[in-house]
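Undergrad: Predicted coordinates and the sequence they were generated for:
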Amino acid sequence: MQSLTMREAYAQALVALGERNPNVVVLDADVSKSTRSTLFAERFPERFFNVGIAEGNMMNIAGGLAASGKIPFVNTFSFLLTLRAGEQLRTGVAYPRLNVKVAGAYCGLSDSFDGPTHQDPMDIAVTRAMPNMVVISVCDAVQAKKVVLAAAKYDGPVYFRLNRNAVPVLWREEDPFEIGKAVWHARGRDVTIVATGIMVARALQAREMLAAEGISAGVLEVHTIKPIDVDALVEAAKECGAIVTAEEHNIIGGLGGAVAEVLGEHVPVPMERVGIRDVFAESGNYDELLVKYGMCPSAVAEAARKVLRRK
Amino acid sequence: MVFQKIECTNKLAELAQKVRIDVLEMVYGAQSGHLGGSFSAAEILVTLYYNRLNVDPENPSWPDRDRFVLAKGHAAPALYVVLAGLGFFPREELASLRQTGCILQGHPDMRKTPGVEMSTGSLGQGLSTAVGMALAAQLDGKDYRVWVLLGDGELNEGQVWEAAAFAAGRGLSNLTAIVDYNKVQLDGPTVEVLPMEPVADKWRAFGWHVVEADGHCVKDLLRAYDEAVAYNGGPTVILAHTVKGKGVSFMEGQAAWHGAAPNAQQYEQAMKELRRDLECSR
């Protein structure tokens, strides 16, 4: 099923939240048609602030609003939020632990045709290093709605990354979403694929490929990169003795890095990382880029075979 | 309960001089901190807090209070003296400036120090923060005002002008920016480091109501505040002309005293001058 894009679902959820909570305000930096925050702007013009192409200003305005009891959702491309306005996010939001929700649009390679200037393979690494931050990687349109609600309910800064494009829907409306709680999509005996974002669906496809070869692979979705679900990871490592991570992010500093840190301290087992291999990508068709930069299901399956040889 | 405001200009001037004395004591004790920009801002902070702001030291998070953001967070020692003087926290804390485990960080921390509205110190961010607070007041239909103190060196930061454009575009009449216009920044005179003149014209061009004042004259500052509050056509900026290191002969106008701590001899000399002027003002 490829119906709603993640950003459209996000924006609809934001409007629904705005109906219920008058303290919710939304900011955008001249890309509201892209992030779809324009839906909120149309419904609640008095609670929507388009600051123009001025991301640093936007982040600190959000901090001031949060310090005055508002719940600001800040929108623009993820690289602008975490790098251009990264220092404002660190000093003006994370450090004072303000209740700002940062919605990183067009994450990973999903702004594929615009090229490396607009693609973002490092937002998780950047935000994960900021104390007080919650970092979430959204996997589909249904989950996007749940993340909006969970973020609004949580008192403190939250960063969540959203994909630009229509992606397969895995989550059902009735599935419970809890910040920091990993989700088992399937259990396996030989290896566990720990995936996040759009790579969860791809991990499940890889699981099918591996099953045809007689390999039993589990899929554990880690939507919250920080705080990471240590217990679930330890359980997976103990059960299978081999881990593959899969993310649409640089293999440095993202999910792979976070999982390696946990395994290294708790259950050192062989592990392979699937993701962007520390390169800037290029313009092109999204699916083609995901294949070329090593994030297709077969790349995940190949990483599983490799890690099994190291067991 | 909101404390009794001080109207007497002589008393306010005296308080400002006492702030300098306390700041010198603190920075000398810590052997770390910013004297130059604290001294230039003494009258501004004292007149705001003792005469103008509606704040309640016994209830720092009173929702209807006026907000003050110290964008030039390095003047924290002066802010701390004022907040302690009003009773936001005990004066004994002042001696702990910048020490491990203290509530008085090198730059203001809203989570550690009662009365501090925003964690600041990274220049260029304070005006944007104040804009967010002013927007919140509008949304909530509240009539509290937001005041923010910027350094003139801070005007180098492009984000200040992003915020200036936005505030004017939104017609934020409940927002007043004050520039501690002391003409010196860390590396030297502002005109040499990065020329920003004509500063008043820049603010006007961005749509702000500009008021100029003598930043060391209590009476003139109060007049400027009155003018800012009376203006309803958008945000006001007060260019408060000051002297960096004001009150100590060998520090005045000297970039070297932006962030240096005095040795024993310098401390004695500076204290002598500050106390002498305090006596004269009485």
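TA: Received the coordinates, thanks.

Undergrad: going forward, measure contacts between C-alpha atoms and count neighbours the same way
TA: OK.

Undergrad: Residue B:196 versus residue B:183, what's the distance?
TA: Per Cα to Cα, to the nearest Å, residue B:183 is found 10 Å from residue B:196.

Undergrad: Compare neighbour counts for the two and give me the winner.
TA: More crowded of residue B:183 and residue B:196, by other Cα atoms under 10 Å in any protein chain shown: residue B:183, with 20 against 15.

Undergrad: burial count for the residue nearest to the more buried one when sequence neighbours are not counted?
TA: The spatial neighbour of residue B:183 that comes closest, neighbours along the chain excluded (Cα to Cα, 6 or more residues apart in numbering or on different chains), is residue B:190 at 5.3 Å. Applying other Cα under 10 Å, we find 22 residues neighbouring residue B:190.

Undergrad: ditto for residue B:92
TA: Here the neighbour count serves as a burial measure; for residue B:92 (other Cα under 10 Å) it reads 8.

Undergrad: can you check residue A:5 too?
TA: One way to gauge burial is a neighbour count; for residue A:5, by other Cα under 10 Å, it gives 20.

Undergrad: on that earlier part again, could you pull out the residues contacting both of residue B:183 and residue B:196?
TA: A shared contact of residue B:183 and residue B:196, defined by Cα atoms under 8 Å, 6 or more residues apart in numbering or on different chains, is any residue touching both; here these are residue B:190.

Undergrad: where exactly do the helices run in the stretch 201-311 of chain A?
TA: Chain-ordered helices for the stretch 201-311 of chain A, with DSSP state H, counting those that start in this stretch as the definition, fall at A:230-240, A:255-266, A:286-292, A:297-309.

Undergrad: swap in the stretch 51-200 of chain A?
TA: A:55-67, A:78-79, A:86-89, A:123-128, A:141-153, A:199-212.

Undergrad: for these, which one ends up most surrounded?
TA: Between the helices of the stretch 51-200 of chain A, the one whose residues have the most neighbours on average, counting mean count of other Cα atoms under 10 Å in any protein chain shown, is helix A:55-67 (a mean of 31).

Undergrad: other SSEs contacting that helix?
TA: Under the contact criterion of 3 or more Cα pairs under 8 Å, 6 or more residues apart in numbering or on different chains; DSSP states H and E, the helices and strands touching helix A:55-67 comprise strand A:24-28, strand A:71-77, helix A:86-89, helix B:126-139, helix B:158-169.

Undergrad: And the average pLDDT for it is what?
TA: Average pLDDT, helix A:55-67: 98.

Undergrad: Restricting to C-alpha, output that helix in PDB.
TA: C-alpha atoms of helix A:55-67 as PDB (Å, rounded to 0.1, in the frame of the first residue of the first chain):
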ATOM      1  CA  GLU A  55      16.200  28.800  10.100                       C
ATOM      2  CA  GLY A  56      18.300  30.000  13.000                       C
ATOM      3  CA  ASN A  57      15.800  32.700  13.800                       C
ATOM      4  CA  MET A  58      13.000  30.100  13.600                       C
ATOM      5  CA  MET A  59      14.600  27.800  16.100                       C
ATOM      6  CA  ASN A  60      15.100  30.500  18.700                       C
ATOM      7  CA  ILE A  61      11.600  31.900  18.200                       C
ATOM      8  CA  ALA A  62      10.400  28.400  18.900                       C
ATOM      9  CA  GLY A  63      12.400  28.400  22.100                       C
ATOM     10  CA  GLY A  64      10.900  31.700  23.200                       C
ATOM     11  CA  LEU A  65       7.400  30.400  22.400                       C
ATOM     12  CA  ALA A  66       8.100  27.200  24.400                       C
ATOM     13  CA  ALA A  67       9.400  29.200  27.300                       C
END
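
Undergrad: Residues touching it, excluding its own?
TA: For helix A:55-67, contacts defined as Cα under 8 Å, 6+ apart pick out A:27-29, A:51, A:71-74, A:80-81, A:84-86, A:88-89, A:92-93, A:98-100, B:117-118, B:125-126, B:128-133, B:135-136, B:159, B:162-163.

Undergrad: Quick check on these: which are buried?
TA: Under a neighbour-count criterion of 16 or more other Cα atoms under 10 Å in any protein chain shown, the subset of the contacts of helix A:55-67 counted as buried comprises A:27-29, A:51, A:71-74, A:80-81, A:85-86, A:88-89, A:92-93, A:98-100, B:117-118, B:125-126, B:128-133, B:135-136, B:159, B:162-163.

Undergrad: quick one on the thing from earlier: just the helices of the stretch 201-311 of chain A: most buried one?
TA: Most buried of the helices of the stretch 201-311 of chain A by mean neighbour count (mean count of other Cα under 10 Å) is helix A:297-309; its value is a mean of 21.

Undergrad: Show me what that one is packed up against.
TA: With contacts defined as 3+ Cα pairs under 8 Å, 6+ apart, helix A:297-309 has these neighbours: strand A:191-195, helix A:199-212, strand A:243-250, strand A:271-276.

Undergrad: relative to helix A:230-240, how tilted is that helix?
TA: Counting by axes from the mean of the first three to the mean of the last three Cα atoms, to 10 degrees, helix A:297-309 lies at 70 degrees to helix A:230-240.

Undergrad: and the angle from helix A:297-309 to strand A:243-250?
TA: With the same axes, to 10 degrees applied, the angle from helix A:297-309 to strand A:243-250 works out at 140 degrees.

Undergrad: residues contacting residue 152?
TA: The chain I'm using is chain A. Residue A:152 sits next to A:71, A:101 when contact means Cα under 8 Å, 6+ apart.

Undergrad: You answered for a different chain; I wanted chain B.
TA: Contact partners of residue B:152, counting by Cα under 8 Å, 6+ apart, are B:179-185, B:190.

Undergrad: and those, which of them are in strands?
TA: By the criterion of DSSP state E, membership of the contacts of residue B:152 in strands covers B:179-181, B:184-185.

Undergrad: Go through these and say which is closest to chain A.
TA: Within the ones in strands among the contacts of residue B:152, distances to chain A taken as Cα to the nearest Cα reach their minimum at residue B:179, with 18.4 Å.

Undergrad: and the closest one, how many neighbours does it have?
TA: 26.

Undergrad: do the same with residue B:265
TA: Under the neighbour criterion other Cα under 10 Å, residue B:265 is assigned a count of 9.

Undergrad: helix, strand or coil for it?
TA: Three states are possible here, and by DSSP: H, G, I helix; E, B strand; the rest coil the one that applies to residue B:265 is helix.

Undergrad: Local confidence estimate at it?
TA: For residue B:265, the pLDDT comes out at 98.

Undergrad: what does stretch A:44-54 rub up against?
TA: Residues from elsewhere that reach stretch A:44-54, judged by Cα under 8 Å, 6+ apart: A:18, A:24-30, A:32, A:40-41, A:57-58, B:139, B:159, B:162, B:166.

Undergrad: surely residue A:205 meets residue A:297?
TA: Yes. Contact status for residue A:205 versus residue A:297: in contact at 5.8 Å, counting by Cα atoms under 8 Å.

Undergrad: care to break chain A down by domain?
TA: Following automatic domain parsing, one finds the domains of chain A at A:6-161, A:183-309.

Undergrad: Distance to residue B:143 for those domains - can I get that in TSV?
TA: Putting the domains of chain A into TSV (distance: least, Cα to Cα, whole Å) gives the following:
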stretch	distance to residue B:143
domain A:6-161	13
domain A:183-309	39
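
Undergrad: Out of those, flag the one nearest residue B:210.
TA: domain A:6-161 (21.6 Å; Cα to Cα).

Undergrad: What separation is there between residue A:241 and chain B?
TA: Summarising the geometry, the distance separating residue A:241 from chain B, computed by Cα to the nearest Cα, to the nearest Å, is 44 Å.

Undergrad: so who does that residue touch?
TA: The contact partners of residue A:241, by Cα under 8 Å, 6+ apart, come to A:190-191, A:269-270, A:311.

Undergrad: where are the low-confidence patches of the chain?
TA: Because you didn't say which chain, this covers chain A. With pLDDT under 70 as the threshold, chain A has low-confidence stretches at A:1-3.

Undergrad: I was thinking of chain B, sorry if that wasn't clear
TA: Within chain B, the stretches falling below the threshold (pLDDT under 70) are B:1-2.
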